[in-house]
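Colleague: Test case, fold it:
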Amino acid sequence: MRTTQFSILDRSRTREGHPPAAALRDTVELARHAERLGYHRFWVAEHHSVPGVAGSAPTVLAAAVASATTAIRVGTGGVMLPNHRPLVVAEQFGVLASLFPGRIDMGLGRSVGFTGGIRRALGTEKDAAEDFEAQLAELLGYFTGTRTAHPQVHARPAEGLAVPAFVLATGAGARVAARAGLALVIGDVRDPAKLLPAIEEYRAAFRPSGLWARPYVVVSGTVAVAGTAEAARRLLVPEARALAYSRTHGVFPPLRPVADGEPAAAGAGVSERERGFYEDALRGHLHGTEEQVAQELGTLIERSGADEVLVTTSTYDRAALLESFERLARLAGLSKRG
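Modeller: All right, here's what the predicted structure looks like:
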């Protein structure tokens, strides 16, 4: 796995009993930790009006992360383009790339707000994702100076900068990434039957661009590593409980701690209505001891041919999370800095 890059995407998940500001500070501290461990990138996400997530302004948070680090690449996983005007996104990344040259990534997604109220507040519609390819072309055009619909408009300081662009997508979005000649970030690691054909289709349809000369595939998912398989599985419990609650109550809550001695499979605090969602949320993630995870990752990388693995793990216990990333760095053969 030494030839495969490993990176981290953090969603600034809030924890029960802690304010949202603490989640943002935790994200910045995790970025420092990731840099020391030798991870390649550190990305932040975009979520709006979600009680359990503090990361709502990814380019602002990316600026804070880049200011607190010195070498690790920093980016977004991603900016949801249907929620924004392409000109504004180009300007934001132009500022980031100018302030932190050679370190900024532009990860772009096609999702819209998950409720009608959020979409109205953002000034977008449910079907806005259908315009993603056109928005993407407009955005990229502002960097190359070839945007023809508004020839008098220039995205300064973005124009002339080459900021690596990634598309977070599956299905139709993967085909858009291929046609645009951009890197693909794909997150169906729990479902190889969907993951592998999508990657093959992307590679077959890829058209080289000024940003990427060849296909570049980033597989994304949860990876939890601990001293025992049970301890690693316990790291998955807070997120699984929150996901089950959101499926049955329509609200994504802050992460709650796992009680001492509570088996991961027990699901304490999970109602019968939530049980099926909880058990499903625990399935398919890469977790276990270093030896177990190394084997699972090796299989995933071999089957997918992935150039990079983007890890998105969230849990309540911050110390255990940092230890998990340390163990992953060790088994992946990353080089510590400083």
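Colleague: Give me the nearest residue to residue 335, chain neighbours excluded.
Modeller: Nearest residue to residue 335, sequence neighbours excluded (CB to CB, 6 or more residues apart in numbering): residue 38, at 4.5 Å. Placement of C-beta: from N, CA and C, glycine included.
Colleague: That should have said residue 245, apologies.
Modeller: Excluding the flanking residues, the one nearest residue 245 by CB to CB, 6+ apart is residue 253, at 5.5 Å.
Colleague: how far away is the one you found from residue 34?
Modeller: 26 Å (CB to CB, to the nearest Å).
Colleague: out of these two, which sits in the more crowded spot?
Modeller: residue 34 (25 against 17; other CB atoms under 10 Å).
Colleague: Local confidence estimate at the more buried one?
Modeller: Here the pLDDT value assigned to residue 34 is 98.
Colleague: Also residue 321?
Modeller: Per-residue pLDDT puts residue 321 at 97.
Colleague: Pretty sure it sits in a strand.
Modeller: No. Going by DSSP: H, G, I helix; E, B strand; the rest coil, the assignment for residue 321 is helix, not a strand.
Colleague: give me the number of residues near it?
Modeller: Counted with other CB under 10 Å, the neighbours of residue 321 add up to 20.
Colleague: Any idea what residue 44 is bridged to?
Modeller: residue 10, residue 76 (DSSP bridges).
Colleague: Provide a list of residues in contact with it.
Modeller: By CB atoms under 8 Å, 6 or more residues apart in numbering, residue 44 lies in contact with 9-12, 27, 55, 58, 61-62, 65, 75-77.
Colleague: now the residues you listed in JSON lines, with distance to residue 234 and neighbour count?
Modeller: Formatted as JSON lines, the contacts of residue 44 follow (distance: CB to CB, whole Å; neighbours: other CB atoms under 10 Å):
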{"residue": "9", "distance to residue 234": "21", "neighbour count": "25"}
{"residue": "10", "distance to residue 234": "20", "neighbour count": "25"}
{"residue": "11", "distance to residue 234": "20", "neighbour count": "23"}
{"residue": "12", "distance to residue 234": "22", "neighbour count": "24"}
{"residue": "27", "distance to residue 234": "22", "neighbour count": "23"}
{"residue": "55", "distance to residue 234": "24", "neighbour count": "24"}
{"residue": "58", "distance to residue 234": "29", "neighbour count": "24"}
{"residue": "61", "distance to residue 234": "28", "neighbour count": "24"}
{"residue": "62", "distance to residue 234": "31", "neighbour count": "28"}
{"residue": "65", "distance to residue 234": "28", "neighbour count": "26"}
{"residue": "75", "distance to residue 234": "30", "neighbour count": "29"}
{"residue": "76", "distance to residue 234": "30", "neighbour count": "28"}
{"residue": "77", "distance to residue 234": "25", "neighbour count": "30"}
